[in-house]
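Asker: got a predicted structure plus its sequence, pasted below:
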Amino acid sequence: MAPAAEEWFILYGVPKVVAMEETIFQESTNVSFTFNKAPLPSHVTVADDALIRSGFFNYPYIAAAARCGILLLCGHSKIGFTYYLCDPLIRRTLGIVPPDGDDLSCRYSVGLISDRSDTHLMVAELNPSSLAEHGRVTLRCTVDMCSWVEKESAECSDIVERREWHGDGVLTHKFFLWWFDLSYCILACDPFADKPRFHQIMFPSVPDAMPFYPNPIYGDVHRCLKVSNGRLRYVQIHGTSVEKMEVSMWTLSSSDPADAKWTNRVDVPFEKIWDDPSYRSKGLPPQVVPAVALVHPMRASEVYFCLATHIFSVNLKEKKTVDCEEFSIRVLPHKICSSRLLHAWRLPVGYTKQSGPGLSRVMECQFVNRWSSVEDFHTKAEMIIRSRPKPHDDWGM
């Protein structure tokens, strides 16, 4: 049987938060989607009953997407930092009871993955606090979306180079979660294992690398890690001057992190891209280095860049500019688009249409029906959090 046809979208990673009374929400929903054909970004709008319209740094964020297209949203709500699942078929947020203990919640260190049988979803947070000193990490995970467990990394984990971790994101690919720090490495594991074995994959190095000065919001604009055509692809812009700037792509040789190496390096000078008539015909300025945004999920040779208010794609093999559109982002942060803020989102054909609350693909039916509304979720989540044992309860204190 032929695989189901897919369509894909460039999804802007920051949802817009509006009043629940807005007419854009259909009955029994609190999420709305604006689907645009690539390269224009598509958008998610969430009602303010779920997330708070916060400031420039505490914006809500789409942290991850599972293979089935379900999104993981995070942001501040009336009960604190909160995760939600969002199924585009039912267009409703499904609340996840926050973990207790230290606030490890970070929008760039949490992943969403389904198990090998596609019967369960897991949300997993990476805690790298012991990485630099001891070369160890832990996970905080939930499957029932209510209780959380902590998992220690296996003794045989392959973490050799120790350094402070500055997470840039996490990808879901081939039953593994791939956390990455673009200045350092990838840490990949199967989070469903009792003691996950972490595999460390260092990023390629070039002698003329651009300085790594990541913005706390946009991250690094000269480096990018995405999944395309069944492999992880790493893209880097580097050079000692504008005239010598080039873009390079490496491909991870295997989807098994235990034996994956960077291979098939492709180098393209920007001068050849700027001098091609296909670039000039789009009205784009030459001699201006763009931000690298993402890789086409099915055509690995096609890379997307952002330059001012334009997003455009280049076929690296042919050195030709393929698509170009002007866009504007009307929610914060909106000045620069980078790989942190743009996701390649793949969906089965037809999933852009709402299909009603009875057709959610969230596996745990009890979870789907656990909360009758967002307000009900907030109330019950607060009760669950208060009922959890407090530190030193067993000491009678």
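Answerer: Arrived safely.

Asker: quick one: the strands in the stretch 151-300 of the chain?
Answerer: 169-173, 176-181, 185-189, 199-202, 223-228, 231-238, 246-252, 262-269, 291-295 (DSSP state E, counting those that start in this stretch).

Asker: single out the most deeply packed of these.
Answerer: Of all those, strand 291-295 has the most neighbours on average by mean count of other Cβ atoms under 10 Å, namely a mean of 27. All C-beta spots, glycine's among them, are computed from the backbone N, C-alpha and C.

Asker: in its sheet, what does that one sit against?
Answerer: Within its sheet, strand 291-295 is paired with strand 302-307 (antiparallel), according to DSSP bridges.

Asker: still on that earlier bit, JSON lines for the strands of the stretch 151-300 of the chain, including mean pLDDT and distance to residue 132?
Answerer: What follows is the strands of the stretch 151-300 of the chain, written out as JSON lines (pLDDT from 0 to 100; distance: least, Cβ to Cβ, whole Å):
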{"stretch": "strand 169-173", "mean pLDDT": "95", "distance to residue 132": "19"}
{"stretch": "strand 176-181", "mean pLDDT": "97", "distance to residue 132": "12"}
{"stretch": "strand 185-189", "mean pLDDT": "97", "distance to residue 132": "12"}
{"stretch": "strand 199-202", "mean pLDDT": "96", "distance to residue 132": "13"}
{"stretch": "strand 223-228", "mean pLDDT": "97", "distance to residue 132": "21"}
{"stretch": "strand 231-238", "mean pLDDT": "98", "distance to residue 132": "23"}
{"stretch": "strand 246-252", "mean pLDDT": "98", "distance to residue 132": "25"}
{"stretch": "strand 262-269", "mean pLDDT": "97", "distance to residue 132": "24"}
{"stretch": "strand 291-295", "mean pLDDT": "95", "distance to residue 132": "28"}
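
Asker: could you dump these to JSON lines with distance to residue 137?
Answerer: Converted to JSON lines, the strands of the stretch 151-300 of the chain look like this (distance: least, Cβ to Cβ, whole Å):
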{"stretch": "strand 169-173", "distance to residue 137": "12"}
{"stretch": "strand 176-181", "distance to residue 137": "9"}
{"stretch": "strand 185-189", "distance to residue 137": "7"}
{"stretch": "strand 199-202", "distance to residue 137": "10"}
{"stretch": "strand 223-228", "distance to residue 137": "18"}
{"stretch": "strand 231-238", "distance to residue 137": "19"}
{"stretch": "strand 246-252", "distance to residue 137": "20"}
{"stretch": "strand 262-269", "distance to residue 137": "22"}
{"stretch": "strand 291-295", "distance to residue 137": "26"}
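
Asker: go through those and name the closest to residue 279.
Answerer: Distances from residue 279 to each of the strands of the stretch 151-300 of the chain were compared using Cβ to Cβ; the minimum, 12.1 Å, belongs to strand 262-269.

Asker: need the residues that contact the closest one.
Answerer: If you take Cβ atoms under 8 Å, 6 or more residues apart in numbering as the criterion, strand 262-269 is touched by 201, 203-204, 234, 244-253, 301, 314, 316-317, 319.

Asker: okay, and the beta partners of residue 126?
Answerer: Residues in beta-bridge contact with residue 126 (DSSP bridges): residue 139.

Asker: helices along the chain, start to end?
Answerer: Along the chain, the stretches classed as helices by DSSP state H are 131-134, 270-275, 277-280, 365-368, 374-387.

Asker: could you identify which of these is most buried?
Answerer: Counting by mean count of other Cβ under 10 Å, the most buried of the helices of the chain turns out to be helix 270-275, with a mean of 18.

Asker: what mean pLDDT does it have?
Answerer: For helix 270-275, the mean per-residue pLDDT is 97.

Asker: what's in contact with that helix?
Answerer: So helix 270-275 is in contact with 239, 242-243, 245-247, 279-280, 286-287, 289, 314, 319, 321, going by Cβ under 8 Å, 6+ apart.
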